[in-house]
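**Q** Structure, please.
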Amino acid sequence: MSVSAIIHQSAFSPTFWRQNHVVRIPLQNWAVAPVIKAEAVRRIAPELDIWDAWPIQDDNGTPASFANGETLWMALGAPRFEDPDERHAHARIHLLQKTSLGWRHLGPAMPNGFSPGSREWSGSALLDADRSTLTLFFTATGRLGEETPTFEQRLFSATATLVADGQTARLLDWRDLQEIVQRDPTYYMAGEAGGGKVGTIKAFRDPAYFRDPESGKRYLFFAGSRAHTDSEFNGVIGAIEADPNGAPAWSLLPPVIDATDVNNELERPHVVIFEKLYYMFWSTQQHVFSPAHGSLPTGLYGMVASSLNGDWRPLNGTGLVFANPAAAPHQAYSWLVLPDLTVISFIDDWGDDRPAGASRRFGATFAPLLHLHLSGDIASLTE
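**A** Numbers count the residues shown, from 1 in each chain. Okay, the predicted model is just below:
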């Protein structure tokens, strides 16, 4: 697979998430997730913290189903640290099995030394029709062997053979490691440009696979940062398109959604089709909004359009789908909407009963499932 330059002629033209959208958020009665209590904090493995997760999916986006309805997932994982933010410098992609009895940890997805980064950040995983060939799209952050972790982010794909026997699953014969595209500085700022301070990190990460059933075209959507702007808040959602002739090559496109002057990070963007409409979802946090807009909540945000290259409209007029509760504003994060509108995320700083000044309680496991209700441009949580 060759690394492609940008396609300058693109069907996409950026839709802007603007101040006049988000300024209306405090005026709304938005949907709020239930408070996460202690009984919901069930760790996957005693020695492993996990956070961003995604299923091994079929081409239509649904989690691939195996014996007895079991599914396989990937999630970022790291050993437990006293400061939970340290996990990002040690992140690896882990393989998990979801059964009727719960979650089972199956170990790191890729072998030691295979990834070209000093750590692995989020992506997506596609299972071919043969039910054994798996393609992983992921973010390689930093460089393998670097002494001090850097924030360079590159998008890679790799192939493995999935062996699932009903009791467990393994990923074998990792091969075809390729950089998907190279960043084009015309449109996208370098991922390391913002430095490593929380809230300032720039993005070129989180590739999420999507096949458009209308055109048959295949895309990767990712979190990026706009180039050539003086704004410190320059988050965008970027796009990559597969070769239309079926060749194993991808081409970088200009941004699809642009949040310049509003927000620094539109993380883990992904597309779901519901009732013939296209919904683009992303997660973002309170501290990466421009202070000019006041205090806006950590939550799931999104837009809707009649086609991928249509005029994207902020859901609920503002973009906010639902937020963490005010009593626990950081309780969960990294929401992923599945085609059946189930929403999965991880538990961050949970609970509404912590004494003032007490240390952060990092859940490091899956949050209780939520379910969306979508009706055109209106989005909410089901009861």
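
**Q** Name the nearest residue to the spatially most central residue of the chain, ignoring sequence neighbours.
**A** Centroid check for the chain by C-alpha atoms, centre = their mean gives residue 268 as the closest residue, at 2.2 Å. If the residues on either side of it in the chain are set aside, residue 268 comes closest to residue 206, at 4.7 Å by C-beta to C-beta, 6 or more residues apart in numbering. Where C-beta positions appear, they are placed from N, C-alpha and C, glycine not excepted.

**Q** follow-up on the earlier one: against residue 335, how distant is the residue nearest to the centre of the chain?
**A** 8 Å (C-beta to C-beta, to the nearest Å).

**Q** what sits in contact with each of those two?
**A** Counting by C-beta atoms under 8 Å, 6 or more residues apart in numbering, the common neighbours of residue 268 and residue 335 are residue 283.

**Q** quick one: contacts for the residue nearest to residue 268?
**A** Residue 206 touches 121, 122, 123, 139, 222, 223, 267, 268, 269, counting by C-beta under 8 Å, 6+ apart.

**Q** A strand includes the last one, no?
**A** Yes: in this structure, residue 269 lies within a strand as judged by DSSP: H, G, I helix; E, B strand; the rest coil.

**Q** distance between the ends of stretch 36-45?
**A** 19 Å (C-alpha to C-alpha, to the nearest Å).

**Q** Please report how far residue 192 lies from residue 225.
**A** With C-beta to C-beta as the criterion, residue 192 and residue 225 are 11 Å apart.

**Q** These two - which one has more neighbours?
**A** Ranked by neighbour count (other C-beta atoms under 10 Å), residue 192 and residue 225 place residue 225 first, with 30 against 16.

**Q** quick one: contacts for residue 257?
**A** 14, 15, 16, 17, 236, 237, 266, 269, 280, 303, 312.

**Q** need the helices for the stretch 251-383 of the chain, in chain order.
**A** In the stretch 251-383 of the chain, no helices are defined using DSSP state H, counting those that start in this stretch.

**Q** circling back to that earlier point, name the SS class of the residue nearest to residue 268, please.
**A** strand.

**Q** Over to residue 121: give its phi and psi.
**A** Dihedral pair for residue 121: phi -110, psi -170, per degrees, to the nearest 10.

**Q** show me the contacts for it.
**A** 52, 76, 88, 91, 138, 139, 140, 141, 153, 205, 206.

**Q** can you count the residues close to the first one?
**A** It refers to residue 52. 22.

**Q** Spit out the contact partners of it.
**A** Neighbour list for residue 52: 75, 76, 121, 122, 268, 334, 346 [criterion: C-beta under 8 Å, 6+ apart].

**Q** Please report how far it lies from residue 108.
**A** When residue 52 is compared with residue 108 (using C-beta to C-beta), they lie 15 Å apart.

**Q** which stretches of the chain have low pLDDT?
**A** 1-11, 166, 194-196, 198, 244-248 (pLDDT under 70).

**Q** How far off centre is stretch 345-352?
**A** Centroid separation for stretch 345-352 versus its chain: 17 Å, with C-alpha atoms, centre = their mean, to the nearest Å.

**Q** Ok, stretch 197-212 next?
**A** 7 Å.

**Q** now swap in stretch 338-356 and tell me
**A** For stretch 338-356, the distance to the chain centre is 15 Å (C-alpha atoms, centre = their mean).

**Q** now do stretch 277-296
**A** Between the centre of stretch 277-296 and the centre of its chain there are 14 Å (C-alpha atoms, centre = their mean).

**Q** List the buried residues of it.
**A** For stretch 277-296, burial by neighbour count (16 or more other C-beta atoms under 10 Å) applies to 277-285, 288-290, 293, 296.

**Q** now for those, which pair is the farthest apart?
**A** Using C-beta to C-beta, the buried residues of stretch 277-296 span at most 28.9 Å, a distance reached by 277 and 290.

**Q** ok, which stretches of the stretch 151-300 of the chain are strands?
**A** 153-164, 169-179, 204-211, 218-225, 235-242, 250-258, 267-274, 277-284, 299-305 (DSSP state E, counting those that start in this stretch).

**Q** got those strands as TSV, with distance to residue 67 columns?
**A** Putting the strands of the stretch 151-300 of the chain into TSV (distance: least, C-beta to C-beta, whole Å) gives the following:
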stretch	distance to residue 67
strand 153-164	7
strand 169-179	10
strand 204-211	24
strand 218-225	28
strand 235-242	31
strand 250-258	33
strand 267-274	26
strand 277-284	30
strand 299-305	32
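
**Q** about what we covered before: any idea which of the contacts of residue 206 has the most stuff around it?
**A** Those, ranked by neighbours (other C-beta under 10 Å): first place residue 222, 34 neighbours.
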